[in-house]
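A.B. asks: Using only what follows, build the 3D model:
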Amino acid sequence: MKRSTWRRSVRFASTIALLTFPIGGIVDTSTVFLNEVAWYVGALVVVCIVVIGVMFDMLGLAAAAARETPFHAMASKRVFGARRAITIVRNAEKVSSICSDVVGDIAGVLSGAGALAVATQLILAVGATGWHRELIVIVLTAFITSFTVGLKAVGKAIAIQSPTPIVLFASRVLETALVLVGRARK
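C.D. replies: Here you go, the predicted model:
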């Protein structure tokens with residue numbers, strides 16, 4: 001690896017690491033919210049967090065697995081989002097790092113903390129005591145862990161088999177958001 005490329009990679013990694021700390025802290029404050037809601041509402045929030053993490057992991061892997069060629073063909077036909085998809089594929093290392101490592105890992109940590117908060121609320125709701133309390137925590141956190149790992153395995157299989165539609169969908173969402181932000185500024 002060239003020295004300049006290596007320096008850029010280290011600089012990018014350092015920036016991501018420094019930005020992840022406040023993002024993780026801000027996002028983790030949602031566990032305070034989970035301590036205040038009913039256990040079933042918290043469980044729904046945790047499932048949503050897991051799904052978001054899995055979707056971003058899929059996008060990170062799809063960006064790395066996708067090829068530019070189909071997007072060039074789409075861009076020549078003026079398919080909405082195709083040019084942004086080329087940018088995503090060209091920056092696959094950064095997109096993968098941000099999506100899989102930052103968002104995906106934060107979602108994983110947050111879902112674990114959320115599972116613990118939901119377990120606490122469930123213990124209070126059913127009035128569990130003694131070893132029943134520990135059993136609820138163990139079963140709930142094990143379920144969230146297996147649910148997360150299972151969804152990630154399915155997501156990775158889909159991302160490897162069909163990276164083009166995933167990247168195109170993400171680029172269309174991003175392009176739409178940028179258009180809406182641009183309109184809001186005008």
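A.B. asks: Quick check: which helices or strands does the strand or helix carrying Phe12 pack against?
C.D. replies: Phe12 is part of helix 3-28 when elements are defined by DSSP states H and E. In this structure, helix 3-28 makes packing contacts with helix 105-126, judged by 3 or more Cβ pairs under 8 Å, 6 or more residues apart in numbering; DSSP states H and E. Quick note: C-beta positions are derived from backbone N, CA and C, even for glycine.
A.B. asks: Report the angle between the helix or strand following the helix it packs on and helix 105-126.
C.D. replies: Downstream of helix 105-126, the next assigned helix or strand under DSSP H and E is helix 131-161. Helix 131-161 runs at 150 degrees relative to helix 105-126, counting by axes from the mean of the first three to the mean of the last three Cα atoms, to 10 degrees.
A.B. asks: for helix 131-161, packing partners?
C.D. replies: Applying 3+ Cβ pairs under 8 Å, 6+ apart, one finds that helix 131-161 contacts helix 39-65, helix 105-126.
A.B. asks: Would you mind finding the most buried of the ones you listed?
C.D. replies: helix 39-65 (a mean of 21; mean count of other Cβ atoms under 10 Å).
A.B. asks: what angle sits between that helix and helix 131-161?
C.D. replies: Using the same axes, to 10 degrees, helix 39-65 lies at 30 degrees relative to helix 131-161.
A.B. asks: what's the angle between helix 39-65 and helix 3-28?
C.D. replies: Helix 39-65 runs at 170 degrees relative to helix 3-28, counting by the same axes, to 10 degrees.
A.B. asks: The residue in the chain sticking out farthest from the centre and Arg183: what is the separation?
C.D. replies: Distance to the chain centre peaks in the chain at Gly130, reaching 36.0 Å (criterion: Cα atoms, centre = their mean). Using Cβ to Cβ, to the nearest Å, Gly130 is found at 59 Å from Arg183.
A.B. asks: before we move on, back to that, who touches the residue farthest from the centre of the chain in this structure?
C.D. replies: For Gly130, the contact set (Cβ atoms under 8 Å, 6 or more residues apart in numbering) is empty.
A.B. asks: check contacts around the residue nearest the centre of the chain.
C.D. replies: By Cα atoms, centre = their mean, the chain has its centre lying nearest to Gly53, at 3.0 Å. Gly53 makes contact with 103-108, 111, 148, 152 under the criterion Cβ under 8 Å, 6+ apart.
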